[in-house]
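Engineer: here is a sequence with its predicted model. Questions after.
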Amino acid sequence: MKPAAFEYHAPDTVEEALGLLEAHGDQAKVLAGGQSLVPLMNMRLARPAVIVDINRIHALDHLTPDGDALRVGALCRQRSAERSAIVAARCPLLHAALQLVGHVQIRNRGTVVGSLAHADPAAELTAVLAALGGTVTAVGPDGTRTIPADEFFVSYLTTSLDPRELLTEARFPTLPEDAGWSWMEIARRHGDFALAGVGVVLAVRRGRIAEARIGLTGVGPTPMRAVRTERALAGRAPADALWTEAADAVREEIDPEGDIHASAEYRRHVAGVLTRRALAEACARTAKAA
Amino acid sequence: MAVREIALRINGRTHTGRAEPRKTLADFIREECGLTGTHLGCEHGVCGACTILMDGEAVRSCLMFAVQAEGAELMTVEGLADGNRLHPIQQAYWEQHALQCGFCTPGFLMTTLAFLRDTPRPSEREIREALAGNLCRCTGYQNIVKAVAAAADTLASGAHPDAWPAFARSVAVPAPATQPECASASDAPNPPVSKKTRAASGTRRKGARDQSRPAKRRRS
Amino acid sequence: MKLEGTNTLAAPIETVWKMINDPDALRRCTPGLKELKEIEPDHYEATLNVGIAAVKGTYKGTLTISDKRAPSHYMLVLEGSGGTGFMKGVGLVDLEPQGEGTLLKWTGDMQIGGLIAGVGQRMLGGVGKMLIGQFFKCLEQHLGEDV
């Protein structure tokens, strides 16, 4: 259970890190929190020849409000974001989901952006980014680019990042004051990856749903937005029966895999249940906010 | 891969050793520093037996490389007792019979130390939440939870002002004073409780619905 | 793990049959295939470096085509082992004409064991389907170029 040998670099600046990534390409892996990468390395399932440790690039450790979004730097620890009053007030969906990411020890080292870059199909933060319509910023040899969530997550553990690129931050849109939200997930044990998870944002104006966003995790190779269900909810009046309808619609929209932890049928069923409950909870929150 | 000189601050003292970059922090602490209280249970970040404090926060030392810890203040279980005098947390674990083989105990103690520093008057639910990242195969956890509660009482009494030496203090941002609401009818006015804890935890708590067998639930 | 799928290929059945028996097509399209050395007709030594993202393993083994009923059916067995585990895939491929093209139906039984299976269990089915999907997509492209 010891990692294979690697060449180790700990650059102090983004420029240095990019130089290393350009030089080594797909032989290099970026190390931030290490809570996903190092277990793989310890088990020798991943054997990067070069490690680019970005933990000394202090410029990346920030959490910055920016208009209608929060910019989360690549080194912002999950625990820092979890404890942040700004996140709690302006991005409560992220705050709620963060508390369910692994355990305290993992969140003390793991980074928000690292979780996005790792793109586990059952991660919480990827689904939050998708639900909020957030973006990530990647810097590479060809410059800087902003990638929206639905283009960033490509497949299991796979993003659209080039090996020579470094994610420097993620941008999480903040919620309007009157929006309701809810994060619900189910796992076999507390701290496990979700069997299915749902993040909902709901805006209700003049008694009608102005906007609904439903982000799911654990039901496919990437986080997904249930766009057809979202469209079906627009303009409707909130009601328990509507949430049940949405639950069925989500079940139609997703195509989950089964494994030893849960069958496809179970995931499909539970995703619907969680959708229904999350919509109800989000709606209750809009009533409070109004 | 070059062997290099690595100097770490552990329990207030500097320890030096030579290791490759791939040497994990846990291995370095045990082998180069001779501090074998930190244990290796799984080496892939699940069991928590390797938990130490780094700049006051509980981390899994098996998931860090020793080179990464240079410049930080580390604390291991050896830093708890004062000579022969047990730390109040150790004393509580002892009195509550919260260890049997003791293999997981150092990890639990370090997690508990950081937890009680930040949450001096925890509810039982908060204790269980805080300990969720540490596994114990012997005790069944009941006595560990009791020990943490007992330690909290002892420490809250103010009789142990040196319970958190300098190398156990956190540099992190404290939690916000007010928590956003987290919808759960049965929540006490404590900080947000994971909805998932109720929905998915296999732990049987008195009065808690057992939701670990979803197929048999009547409600949907 | 049982998987199955269908693909419609824009070429007549004889062309498709020829292609799926062609070691060059197999070399090009088998995901992660590093080496395919013929031992005897329809029996090859294979080395694969396959996985997803950073999680890759090298597997050494064999690829065998048998039970041939030209131009519509064969069985393909790919097995290998390496540091991260072992794998054995048995695929049955059936071709039938469909209009101007060919309908390719495949069913597979994949067994994966060892470390990668223990740790990566929750992604195996999905990743397996994805890799097989990549295989057929590549064959389609290959066809497009030849025709």
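Structural biologist: Perfect, thanks for sending it. Numbering: from 1, shown residues only, chains lettered A, B, ... in the order given.
Engineer: quick check: which ranges of the chain have low pLDDT?
Structural biologist: Just going to use chain A. Scanning chain A for pLDDT under 70 picks out A:289-290.
Engineer: please go with chain C instead
Structural biologist: For chain C, the stretches flagged by pLDDT under 70 are C:146-147.
Engineer: run through the helices of it in chain order.
Structural biologist: Using DSSP state H, the helices of chain C run over C:13-20, C:23-29, C:115-146.
Engineer: so for chain B, which of those sits nearest?
Structural biologist: Of all the helices of chain C, it is helix C:115-146 that lies closest to chain B, at 8.1 Å by CB to the nearest CB. Just so you know, the C-beta spots here come from the backbone N, C-alpha and C atoms, and that holds for glycine as well.
Engineer: closest point of chain B to chain C, which residue?
Structural biologist: Scanning chain B for the residue nearest chain C gives B:His44, at 8.1 Å (criterion: CB to the nearest CB).
Engineer: buried sites along stretch A:244-254?
Structural biologist: The neighbour-count check on stretch A:244-254 (16 or more other CB atoms under 10 Å in any protein chain shown) flags A:244-247, A:249-251, A:253-254 as buried.
Engineer: check the secondary structure at the most centrally placed residue in chain B for me.
Structural biologist: Residue closest to the average C-alpha location in chain B (CA atoms, centre = their mean): B:Thr111, at 1.3 Å. Applying DSSP: H, G, I helix; E, B strand; the rest coil to B:Thr111 yields a three-state assignment of helix.
Engineer: which bits of the stretch 1-150 of chain A sit near chain C?
Structural biologist: Residues of the stretch 1-150 of chain A lying near chain C by CB under 8 Å from any CB of the partner chain: A:29, A:37, A:40, A:43-46, A:48, A:119, A:121-122.
Engineer: and among the helices of chain C, the most buried is which?
Structural biologist: Using mean count of other CB atoms under 10 Å in any protein chain shown, the stretch among the helices of chain C with the greatest mean number of neighbours is helix C:13-20 (a mean of 19).
Engineer: identify the residues contacting that helix?
Structural biologist: Helix C:13-20 is contacted by residues C:9, C:11, C:25-26, C:70-72, C:74, C:93, C:95-97, C:102, C:104, C:139, C:142-143, C:146-147 when judged by CB atoms under 8 Å, 6 or more residues apart in numbering or on different chains.
Engineer: chain A next: which of the residues you listed are close?
Structural biologist: Checked against chain A using CB under 8 Å from any CB, those yield no neighbours at all.
Engineer: rewinding a little: list the contacts of the spatially closest residue to the residue nearest to the centre of chain B that is not a sequence neighbour.
Structural biologist: Distances taken as CB to CB, 6 or more residues apart in numbering or on different chains put B:Ala58 closest to B:Thr111, at 4.9 Å, once the chain neighbours are dropped. By CB under 8 Å, 6+ apart, B:Ala58 lies in contact with A:104-105, A:108, B:51-52, B:110-111, B:114-115, B:133.
Engineer: hang on, the earlier thing: how many neighbouring residues does the residue lying closest to the residue of chain B closest to chain C once chain neighbours are set aside have?
Structural biologist: Excluding the flanking residues, the one nearest B:His44 by CB to CB, 6+ apart is A:Pro39, at 3.8 Å. As a burial measure, A:Pro39 scores 22 neighbours (other CB atoms under 10 Å in any protein chain shown).
Engineer: now swap in the one 5 residues further on and tell me
Structural biologist: A:Arg44 is flanked by 15 other residues according to other CB under 10 Å.
Engineer: secondary structure class for it?
Structural biologist: Quick answer, by three-state DSSP: A:Arg44 is coil.
Engineer: show me what contacts it?
Structural biologist: A:3-4, C:83-84.
Engineer: so where is chain B shaky, pLDDT-wise?
Structural biologist: For chain B (pLDDT under 70), the answer is B:1, B:172-220.
Engineer: what helix or strand does whichever residue of it sits closest to chain A sit in?
Structural biologist: At 2.8 Å from chain A, B:Gly133 is the closest residue in chain B, using CB to the nearest CB. Under DSSP states H and E, no helix or strand contains B:Gly133.
Engineer: swap in A:Glu151?
Structural biologist: Per DSSP H and E: helix A:149-152 holds A:Glu151.
Engineer: picking up where we left off before, the residue of chain B closest to chain A and A:Asn108 touch, don't they?
Structural biologist: No: here B:Gly133 does not reach A:Asn108: they are 9.8 Å apart, not a contact under CB atoms under 8 Å.
Engineer: of these two, give the one with the bigger neighbour count.
Structural biologist: Just comparing B:Gly133 and A:Asn108: by other CB under 10 Å the higher neighbour count belongs to A:Asn108, 28 against 25.
Engineer: I'd say the more buried one and B:Val59 touch.
Structural biologist: Yes: between A:Asn108 and B:Val59 there is a contact under CB under 8 Å: 5.3 Å.
Engineer: where exactly do the strands run in chain B?
Structural biologist: For chain B, the strands defined by DSSP state E cover B:4-10, B:13-19, B:51-54, B:57-60, B:73-75.
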